[in-house]
Every structure is written in structure tokens, then in C-alpha cells.
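S.K.: below is the sequence, then the predicted model.
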Amino acid sequence: MLHSTLVRQGNWLFRWRGHLPFAFLGLVLVGVAMEPPPAWALHPLWRALCIGLATLSLGLRTLTVGYAAQRTSGRNTRGQIADSLNTTGPYSLVRHPLYVANGCGWLAVALWTGRPWLAATVMAVFVFVYERIMLAEEAYLAEKFGPRYAAWAARTPAVVPRRWRWVPPRHPFAWRRVLRSEYTTLLDLVGALVLVDVAQRYALGRRPWLDRPAALAFLGALGVYLLLWTVKHATRWLDDPAPSEARHRGARARV
């Protein structure tokens, strides 16, 4: 009964998972703006560490989405979709590489604030939310793929790799799918870091609240977002190839 309750909660959170970080980010910004950050949080090395963690998050999502099969690992919200079971590439190391990537992104933004208690709170909320989402996804996959899913899950940890058992991806890298999907991730990460930076400068009484590097980073991410959004909605250039064409490309890549 408890497992069923957690799965129901996970299905609800799965539907709204794209909005949860924004709600929590608002509370973070209020807390940051009320108290000046510690001096070490503004040190270039600390900021480079946070930017590196955010870049790792984007890179992990890029690899996972790029090597996943069509109609899997998507941004669907109405319900679970998995036409096939991903077991190679990033999915040969952990069962939930996308959520590992999301965790790195949440942690990068939390550490950017320079408040350890806030980073701990963010990760506690992340675990609370995504543990339920992962349970819901695994229940769906176990029901759909049965013994095949059970065998893969038995040898593959959920989020922390136990050893390096990389299995080469079954599919060629779908860079158009990455461009179609991950331009929003880029803007979300850059936008969150810039907003925290604005709140920190406000708390320190600095003018202007947005410095030039942050402004350029945000404008660059916004420009990429607008360009790819336009291409996605005005053309079919970023669409996945037809199944027959995808199989042909996969066979050609294995030759």
C-alpha cells in the first residue's frame, strides 16, 4: 500500500515536474536577497566550480537524450511513454541518468548562493520529489517490459554507478533531438544562476544588479532559445527521422 501511494504521488509529480524548480527558485531568491552572501561564495574558483557542475548537468542530459531511442527520455507530461527500453549508453551505468543530471543542475544553483544550509535543503527537496518520480517510472517500465526490465534493473544501479560497465549506445547520436529538447535546459540553468546573482548583488547593495558577464551569458542563452524555438515550431528540421531512416542510419553507423 505504501509503495502504491508513493507511485501515485510520483505520477502526479511527473506531470508537474517541469514547474517545480521554478516554484522553489522563487523561495531561494527571496532568501538570498535578504542576506548578503559570504565572501567565499563570490570567489572566482567557487563560481567556476558551480558553473562546471551546471555544465556537467547539461552535458549528461545531452548524452542521455542524444543516445536514447525515439519516444523515450522525453519531456512528456501527460503520462509515461516508452516505446522501447534504454539499456545502453548512459543507461548502462545508471537507470535514471536524466535525473542524475537534474540533480547536478539543482545543486549547482544551490551552491551558487554560498549557503550550505540552502544547498542541503534543495537536495532534500530534490530527493523527496524525484524518488517518487523514479518509483512511478520504474513501476510503469516493470509492467510494460516485464522480465527484460527486471534483468536490467538488477544489474544497473538507480543513480550512483557501482562500477564502470559502459555499454556502447545502440543508436547513433541524435543531435537534432538534443537541439529540439535541451535549449530550454540551457536557458533554465543560465537564467537560474543569473537570477541568484542578481539577488546577491541586491543584498550587497551593488549597482547595477546585473553585471556585464551575467548579462552576456543570459542574452546568449536567450538568443539560442529563441532561435531553436523558432526552428522547432516553424520547420520540421529538428524532427526525428522516420523509423525506416533511423534504422538505416543505425545500420550504417555499425558498419
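M.R.: Yep, that arrived.
S.K.: contacts and neighbour counts: CA atoms only from here.
M.R.: OK.
S.K.: so where is the stretch 1-150 of the chain shaky, pLDDT-wise?
M.R.: Scanning the stretch 1-150 of the chain for pLDDT under 70 picks out 73-79.
S.K.: all helices of this structure, in order?
M.R.: 2-16, 20-33, 44-67, 97-112, 116-145, 147-155, 175-203, 212-234, 243-254 (DSSP state H).
S.K.: for stretch 88-95, which outside residues touch it?
M.R.: Residues from elsewhere that reach stretch 88-95 (CA atoms under 8 Å, 6 or more residues apart in numbering): 63-64, 67, 97, 153, 156-161, 163-170.
S.K.: show the buried residues in those.
M.R.: 63, 64, 67, 97, 153, 156, 157, 158, 169, 170 (16 or more other CA atoms under 10 Å).
S.K.: neighbours around the closest residue to residue 114 other than its chain neighbours, how many?
M.R.: In space, and not counting its chain neighbours, residue 114 is closest to residue 41: 4.6 Å by CA to CA, 6 or more residues apart in numbering. For residue 41, the neighbour count with other CA atoms under 10 Å is 17.
S.K.: give the contact list for residue 41.
M.R.: By CA under 8 Å, 6+ apart, the contact set of residue 41 is 47, 112, 113, 114.
S.K.: turn the residues you listed into a markdown table, including distance to residue 215 and neighbour count.
M.R.: Shown next, in a markdown table, are the contacts of residue 41 (distance: CA to CA, whole Å; neighbours: other CA atoms under 10 Å):
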| residue | distance to residue 215 | neighbour count |
| --- | --- | --- |
| 47 | 16 | 18 |
| 112 | 17 | 26 |
| 113 | 18 | 26 |
| 114 | 21 | 21 |
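S.K.: ok, and the closest non-adjacent residue to the residue nearest in space to the middle of the chain?
M.R.: Against the mean C-alpha coordinate of the chain, by CA atoms, centre = their mean, the closest residue is residue 102 at 3.5 Å. Closest residue to residue 102 apart from its sequence neighbours, by CA to CA, 6+ apart: residue 57 at 6.3 Å.
S.K.: so that neighbour makes contact with residue 107?
M.R.: No. Between residue 57 and residue 107 there is no contact under CA atoms under 8 Å: 9.6 Å.
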